[in-house]
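# Generate a structure from the sequence data that follows.
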Amino acid sequence: MVKAEYIQRGDNIDYTAAANIAYMEVVPLAARIGVALAEIPKGETGTVTLVGAFRFPAATGKIDVGAEVYWDKTQNVIVGTSGASTVRAGHLIAPKAQADTIALVRIG
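Residues are numbered from 1 along each chain as shown. This is a model prediction of the structure:
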């Protein structure tokens with residue numbers, strides 16, 4: 001039987017930046033997003049969190065509480081539907097009205 005070895009909770013990960021990353025910048029990963037907890041210069045390794053509740057810029061459109069939402073890597077906003085340029089962001093934790101341009105999202 002193969003056994004795993006516990007390393008850490010996994011809320012935060014080490015991330016090596018391909019370009020300069022600012023504090024609280026959204027970091028699109030392979031299948032989801034993280035948020036930088038400090039500036040990470042290009043080529044350096046820093047901490048990215050994979051969990052938590054954050055306020056993000058959002059495209060217009062109504063989204064209900066609990067809905068799965070996505071980060072559009074082209075427009076740099078939260079959207080309510082997945083597409084070719086999106087990665088999973090998390091779930092909406094407050095209702096978003098049609099005209100709202102901010103979304104409250106629990107990432108992870």
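
# Would you map out the domains in this structure?
Domain ranges of the chain: 12-50, 53-107, per automatic domain parsing.

# Mind putting the ones you listed into JSON lines with mean neighbour count and distance to residue 1?
Heads up, the C-betas are built off the backbone N, CA and C, glycines and all. Below are those laid out as JSON lines (neighbours: other C-beta atoms under 10 Å; distance: least, C-beta to C-beta, whole Å):
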{"stretch": "domain 12-50", "mean neighbour count": "15", "distance to residue 1": "27"}
{"stretch": "domain 53-107", "mean neighbour count": "16", "distance to residue 1": "32"}
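
# Could you dump the ones you listed into TSV and include distance to residue 6 and mean pLDDT?
Formatted as TSV, the domains of the chain follow (distance: least, C-beta to C-beta, whole Å; pLDDT from 0 to 100):
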stretch	distance to residue 6	mean pLDDT
domain 12-50	15	97
domain 53-107	23	97
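
# In TSV, list these along with distance to residue 4.
Supplementary listing: those in TSV, determined by distance: least, C-beta to C-beta, whole Å:
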stretch	distance to residue 4
domain 12-50	17
domain 53-107	24
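
# For the residue nearest to the spatial centre of the chain, identify the helix or strand it belongs to.
With distances taken as C-alpha atoms, centre = their mean, residue 33 lies nearest the centre of the chain, 3.1 Å away. Element membership of residue 33, judged by DSSP states H and E, is strand 33-36.
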